[in-house]
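Q: The sequence and its predicted three-dimensional model are supplied below.
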Amino acid sequence: MTSGKKTKATRNSVAAARSSVVASKPKPWGTIIAVIAVLGLAGGVFGYAFTQIQANNAKEAALAKWKPSDTNKDPSTQLAGIVIKDYKGSRHVEPTQRVAYDQTPAFGGPHDSQWADCTGVVYDKAVRTENMVHGLEHGAVWIAYNPDQVKDDALNKLKARAEGQPYTMLSPFPGLDKPISLQSWGHQLKVDNADDERIDQFISSLRRNPNTYPEVGASCENSQFLSNPAPFVAEKPGPDAVPMDGGKDDSATEGQQGQPSTPPTSGSGSTPPSS
C-alpha cells in the first residue's frame, strides 16, 4: 500500500512539473506578429487591386458613349471644341517639300510618303509634320504639346496615354497656341490641361475608327523612321510649298510595294515601302 501511494504521488509530481514547464513556455509573439503583418499586407494589395479594377471599370463605362458603332459612327462630333474638316487622302509630297497646311498642327492633307511610326511612340523631339500627318491617315491619334507649357506631371499623364498604345504617338510641338492639341485624320481638339476628360473621349472616338480615316487596315509600324525621325521644321513654308489641293495622287497605287526616297533626317538610313 505504501508503494502504491508513493507511485501515485510521484505521478502527480511529474504531471505538476510538466504543467509548470508548459505554463512557463513563452508564446511565439514574433511569429504571430509576422503572420498578422503578412495578412495585413495581402489585404492591402487585394484592396488596392480591387480599387484599381473598380476605377478602370468606371472609366470604361464613362467612355462607352465615345466608342464608334453602327448607330454612332463618329462620337467625336459631340465633343465641345472639336474641329472637323474633310481631307482627301493618298496625296504625297517629296521629302524635300513642305506643305502649306491650313491648320496648326496639321491633321490632314498632302503628306510625305513615309509615315511616322505610330505604334505607341513617345517622341522626345519635335517631328516633321508631313510625316506625322501620314500616320493619321493610317488611323492614328497624334497628341502634340507645347514643351514650354506641358512638363513634369502633366507630361507624364500624356505619356501614359500614348506610350505602348497602338496607333498613338506623342510629340512636342514648339510654338503651339494651346498647351495640348489632339489630331486624328480630319479631326482636331485643343485643350488647356492633361486632366481634361475630352482627351480620353477623343482617343476613344477616333483611334482606328474605320469611319473617319482613309487607309483602314494600314500599318503604323515604321522602324526605319523610328530609328532616325525626320526633324521638325519651325520656319513657315515658303512660296514654293505644296498647296492643300496639291501633291501626287497615289490613290491608285496606295498600299503597293515601292521605294520612295529617304525623308530628310540628320543622318542616312533606308526607308520602308510607302503606304
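A: Thanks, I have it. What you see is a predicted model; the values in this text were computed from it and never measured. Numbers count the residues shown, from 1 in each chain.
Q: max-length helix in this structure?
A: helix 29-62 (DSSP state H).
Q: That helix - what's its average pLDDT?
A: Regarding helix 29-62, the rounded mean pLDDT is 77.
Q: Next secondary structure after that helix?
A: Per DSSP states H and E, helix 29-62 leads on to strand 83-84 as the next helix or strand towards the C-terminus.
Q: quick one: average pLDDT of that next one?
A: 98.
Q: ok, now stretch 140-160?
A: Mean predicted confidence for stretch 140-160 is 98.
Q: Quick check: buried residues in that stretch?
A: Residues of stretch 140-160 classed as buried by neighbour count (16 or more other CB atoms under 10 Å): 140-147, 150, 154-155, 158. C-beta here means a position set from N, CA and C on the backbone, and glycine is covered the same way.
Q: Wait, residue 141 touches residue 166, no?
A: No. Using CB atoms under 8 Å, residue 141 is not in contact with residue 166; the gap is 10.2 Å.
Q: Pipe the buried residues of stretch 140-160 into TSV and attach secondary structure and distance to residue 109 per row.
A: Listed next are the buried residues of stretch 140-160 as TSV, based on DSSP: H, G, I helix; E, B strand; the rest coil; distance: CB to CB, whole Å:
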residue	secondary structure	distance to residue 109
140	coil	16
141	strand	17
142	strand	14
143	strand	19
144	strand	16
145	strand	22
146	coil	22
147	coil	24
150	coil	25
154	helix	29
155	helix	28
158	helix	25
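Q: Report the two of the residues you listed separated the most.
A: Farthest pair in these (CB to CB) is 140 and 154. Separation: 21.8 Å.
Q: Could I get the contacting residues of residue 70?
A: Residues near residue 70 by CB atoms under 8 Å, 6 or more residues apart in numbering: none.
Q: Can you read off the pLDDT for it?
A: 95.
Q: Count the neighbours of residue 216 for me.
A: 12 (other CB atoms under 10 Å).
Q: quick one: it and residue 72, what's the gap?
A: 18 Å (CB to CB, to the nearest Å).
Q: Also residue 58?
A: 21 Å.
Q: Residue nearest the middle of this protein, spatially speaking?
A: The centroid of the chain falls nearest to residue 162 when counting by CA atoms, centre = their mean (2.0 Å).
Q: I'd assumed residue 161 was in contact with residue 200.
A: Yes. Residue 200 lies in contact with residue 161 (CB under 8 Å); the separation is 7.3 Å.
Q: The two: who's more crowded?
A: Per other CB under 10 Å, whichever of residue 200 and residue 161 has more neighbours is residue 161, with 17 against 14.
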